[in-house]
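> structural data only, the sequence is not supplied:
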C-alpha cells in the first residue's frame, strides 16, 4: 500500500521517515482517504510507545506522511532471527506494547491490526506501535474494512464472525497472539503461514485447539501462560477486558484473574483515560506536617513557595511568601533554624554541590548567597529589574545562574559576587513574557514557559536558544528537569502535564493530570517518577515510563505550591498556599 523512505528535514536537520502512498493506489480516492485517515489518527497521538506522525501532505500527485524515524527493526524481524524470545525480555517488550495500546484505548481508538510487523524496536528495544491504517474510534468500526485491512492470523474471532460491537478486547486478542509468537517463535495454529486459503485460516482460528505454548518453550512461567490464555479466549466475555488488567496480572504479584462476564457492559466500552492507582508499585503515607500557629491567620501571605533538599539529603529548606526560610533535619523532621531572609517572598532556594553555600532569590529582585554552616550572608546580588524566580549553582559551585521576570538569565561568580554574563530572552511580540522557570540540575539548560503557551529551551554552555516547544494551549506555571537533564516536564493551567526529550525537543508523554491548574512539578532522583501539585489541593505521583498515576495524595486543604523528592527517594515533601508542609513516606520500589 505504501513505501517508507528515510529523509532529512531540511528545516530542523532531523532524520524523519516518509511514508508514501504507492502511485497506483494514489489514483483511487478511496485509498487516498484511507491513507489520510491513518495520518489524521496517528498525528493526534503522543505517547512514548506510539510512533509519532508529524504531518500529511501531497505534492505532484504523491501523498505522504512525515513520521518519527526509528533506527532499529520490527518485532517480526526479531522473532524470525532468534525464534523464541526469552520470557523476561519478551515481557519487557510486551509491557511497552500494553502501555501503548492502553493509551490508544484511553483516546477511544482501537488499533485493529496489532501484529509483530507493526511493532518497531529501537536499539534499546523501546517499542513504537505503528500502522494505523484501519484504526478507528469505537462506533465507527466497519467490518468489511477490518477484514480487508487486518492481518488475518492475529484477528479476533468476533472480527472474523462480525459479532458487534467490537471493543478493546479485540486488540487484546491480537496482543495475546503476538505474545504467543514472541515466546514460541510460531503462531498458535497448525496452519502453514501464507500457504492456506483465507477460509481454512478462519476455520482454524475459530475451531482448532490452541496448543500449550510450553510444548514449544518449556521455560515459560505458569503465570504468563495463564494470562496468555485469558487474552486469547475465543469467547470475548471470558477474555481480559483492558490492558491495565493484563499489566496487573503479568507484573503485580497475587493479582486475580477476572472474567469479562463478571464486568458490567459499560466497563467494556473504551473509556476516556482515568489514571489508575497502583500502590503496590509505589505509595505514600503521611509522616509529618508543619504549620506555624502564628501564620495560620495570614496564610495567604505565607504560602510555601519553594522546597529543596541539601545535596546529601540530610536537611531540607523551605521558603515562603513572607521572605522566611526554615531548615529541617531530614531524619527527625525537627526544625533546625529559621529566619527572615528577604523583605518579600522567596521564589527559589538552591544549594551549592559541596553544601558550603545556599542561595535565595526573591520578589524583591535580589539574590542572596549564604554560608550554610553559619547562616550569614556572603553576597547580595543585584542586577535583575524584576522578581527573580529561579536559581542553580554550576556543577563546580563557582557560579550561580539566575532567571527572572525581566526575561533575563544572569551568571554570577560566587567568589567576587559579580555578574559575568547576561542573556536576554527574545520574543517576537512585546506582549509575550515568561510565566515559569527551571534550570537543569547540572546548569546546562534553562527552560522558560511563555505566556503564549510555548516553552523556550536554552543551552547555557553557549548562551543560545536551542528550541521552542509547542503543544500546550494554556500558559505554564510549572516546569521541571529530570535529574539527568534528559527530560523536561511542563504543567499547564488546564491541568495537563507534558514531558519532552531535551536533546531534540520531542514530546514523549501527555497526561491530563489534574482538573485545575498545576503549580509545581518535581522528578525523583532516578528520573522514573514525577510528582505534580495543583490548585485542586492534590499531589499526584506518576510513573513516567508508562504514564500511569501511582498514587494521589489528598491531605492538603489549600493549593499545592511546591514539591521535592529526597535524594534517596524515601520521602516527598509538599507545601501549599496555607503555609502547610507535609512529609510523605514513600514505599520502597
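Thanks, I have the structure now. Remember, it's a predicted structure, so these values are computed and weren't measured experimentally.
> which strand or helix spans residue 229?
Per DSSP states H and E, residue 229 falls inside helix 222-231.
> check which helices and strands that helix sits against.
helix 168-184, helix 243-251 (3 or more C-beta pairs under 8 Å, 6 or more residues apart in numbering; DSSP states H and E). Placement of C-beta: from N, CA and C, glycine included.
> for residue 397, find the nearest of those helices.
Among the helices and strands packed on helix 222-231, the nearest to residue 397 by C-beta to C-beta is helix 243-251 (41.9 Å).
> distance between that closest one and the chain's centre?
With C-alpha atoms, centre = their mean, to the nearest Å as the basis, helix 243-251 stands 19 Å off its chain's centre.
> how about residue 538, what does it touch?
Contact analysis of residue 538 by C-beta atoms under 8 Å, 6 or more residues apart in numbering lists 514, 552-554, 556, 560.
> buried among those? Need that as a selection in ChimeraX.
Here is the ChimeraX command that selects the buried residues among these (16 or more other C-beta atoms under 10 Å):
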select :514,553,556,560
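> now, the contacts of residue 538 that are in strands?
552-553, 560 (DSSP state E).
> quick revisit: wait, which of the contacts of residue 538 is closest to residue 207?
Closest to residue 207, out of all of the contacts of residue 538 and judged by C-beta to C-beta, is residue 552, at 46.7 Å.
> which stretches in the stretch 351-500 of the chain count as strands?
357-362, 366-371, 377-382, 388-393, 399-404, 408-413, 419-424, 434-439, 445-450, 455-459, 464-469, 476-481, 487-492, 496-501 (DSSP state E, counting those that start in this stretch).
> can you name the next helix or strand after the helix or strand bottoming out on mean pLDDT in the chain?
Within the chain, confidence by mean pLDDT, DSSP states H and E is lowest for helix 143-149 among all helices and strands, at a mean of 37. Using DSSP H and E, the helix or strand that follows helix 143-149 towards the C-terminus is helix 157-160.
> list the helices and strands that following helix packs on?
helix 143-149, helix 168-184, helix 198-207.
> list the buried residues of stretch 199-209.
By neighbour count with 16+ other C-beta under 10 Å, stretch 199-209 contains the buried residues 201-202, 204-205.
> same check on stretch 160-169?
Applying 16+ other C-beta under 10 Å to stretch 160-169 flags 160, 166-169 as buried.
> where's residue 522 relative to residue 564, distance?
For residue 522, the distance to residue 564 equals 6 Å [C-beta to C-beta, to the nearest Å].
> mutual contacts of these two, please.
residue 572.
> who's more crowded, those two?
A side-by-side neighbour count of residue 522 and residue 564, using other C-beta atoms under 10 Å, places residue 522 first with 24 against 21.
> from the centroid of this protein, which residue is nearest?
Taking C-alpha atoms, centre = their mean, the centroid of the chain lies closest to residue 509, which sits 3.7 Å from it.
> which phi and psi does it have?
The phi and psi values for residue 509, taken as degrees, to the nearest 10, are phi -160, psi 140.
> surely it is in contact with residue 498?
Yes: with contact defined as C-beta atoms under 8 Å, residue 509 reaches residue 498; the gap is 6.9 Å.
> contacting residues around the residue lying closest to residue 500 once chain neighbours are set aside?
Once flanking residues are discounted, residue 500 sits nearest to residue 488: 4.7 Å by C-beta to C-beta, 6 or more residues apart in numbering. By C-beta under 8 Å, 6+ apart, residue 488 lies in contact with 438, 445, 447, 455, 457, 469, 479-482, 499-500, 502.
> contact partners for the residue lying closest to residue 63 once chain neighbours are set aside?
Using C-beta to C-beta, 6+ apart and skipping residues adjacent in sequence, the residue nearest residue 63 is residue 21, 4.3 Å away. When contacts are counted by C-beta under 8 Å, 6+ apart, residue 21 touches 1-2, 31-32, 35, 62-64.
> and with 10 Å instead?
1-3, 27-28, 31-32, 34-36, 38, 58, 61-65 (C-beta atoms under 10 Å, 6 or more residues apart in numbering).
> what of residue 49?
95-104, 119-120, 126-129, 508-509, 545-547.
> tell me the buried residues in the helix ranked longest in the chain?
Counting residues, the longest helix found in the chain (DSSP state H) is helix 87-106. Neighbour counts using 16+ other C-beta under 10 Å place 87, 90-91, 93-106 of helix 87-106 among the buried residues.
> show me where pLDDT drops low in the stretch 151-300 of the chain?
Counting by pLDDT under 70, the stretch 151-300 of the chain shows low-confidence ranges at 190-197, 252-300.
> could you redo the last one with a cut-off of 90?
Along the stretch 151-300 of the chain, segments meeting pLDDT under 90 span 151-168, 187-212, 214-216, 218, 222-223, 226, 234-238, 240-241, 244, 248-300.
> okay, buried residues for stretch 445-457 please.
Here stretch 445-457 shows 445-450, 452-457 as buried, counting by 16+ other C-beta under 10 Å.
> same list, the residues you listed, but as a markdown table with distance to residue 518 please.
Shown next, in a markdown table, are those (distance: C-beta to C-beta, whole Å):
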| residue | distance to residue 518 |
| --- | --- |
| 445 | 21 |
| 446 | 20 |
| 447 | 15 |
| 448 | 16 |
| 449 | 11 |
| 450 | 16 |
| 452 | 18 |
| 453 | 13 |
| 454 | 17 |
| 455 | 14 |
| 456 | 19 |
| 457 | 19 |
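> ok, residue 355 to residue 329 distance?
Counting by C-beta to C-beta, the gap from residue 355 to residue 329 is 14 Å.
> between the two, which is the more surrounded one?
residue 355 (15 against 12).
> return the residues in contact with that one.
So residue 355 contacts 310-312, 314-315, 372-373, 397 (C-beta under 10 Å, 6+ apart).
> 6 Å - rerun?
Contacts of residue 355 were listed using C-beta atoms under 6 Å, 6 or more residues apart in numbering, and they are 310-311, 372.
> and residue 563, what element?
Using DSSP H and E, the element containing residue 563 is strand 560-565.
> the inter-axis angle of the helix or strand just after that strand versus strand 560-565?
Proceeding N to C from strand 560-565, the next assigned helix or strand is strand 571-576, under DSSP H and E. Calculated by axes from the mean of the first three to the mean of the last three C-alpha atoms, to 10 degrees, strand 571-576 forms an angle of 170 degrees with strand 560-565.
> just the pLDDT for the residue nearest to residue 500.
With respect to pLDDT, residue 488 has a value of 96.
> what about it, distance to residue 27?
For residue 488, the distance to residue 27 - C-beta to C-beta - is 45 Å.
> next one: residue 164
From residue 164 to residue 27 the distance is 32 Å (C-beta to C-beta).
> now residue 360
68 Å.
> my guess is residue 90 contacts residue 180. True?
No: assessed by C-beta atoms under 6 Å, residue 90 is found out of contact with residue 180, at 10.2 Å.
> of the buried residues of stretch 160-169, closest to residue 408?
Taking C-beta to C-beta as the measure, residue 408 sits nearest to residue 168 out of these, at 50.5 Å.
> the closest one and residue 156, how far apart?
Counting by C-beta to C-beta, the gap from residue 168 to residue 156 is 11 Å.
> so where does residue 546 fall, helix or strand?
Applying DSSP H and E, one finds residue 546 in no helix or strand.
> what's the burial count for it?
Residue 546 has 22 nearby residues by other C-beta under 10 Å.
> now do the phi/psi pair for it.
As for residue 546, its main-chain torsions (degrees, to the nearest 10) stand at phi -130, psi 0.
> which non-adjacent residue is nearest it?
Spatial nearest neighbour of residue 546, chain neighbours left out: residue 99 (4.4 Å); criterion: C-beta to C-beta, 6+ apart.
> from residue 556, how far off is the one you found?
Per C-beta to C-beta, residue 99 is found 30 Å from residue 556.
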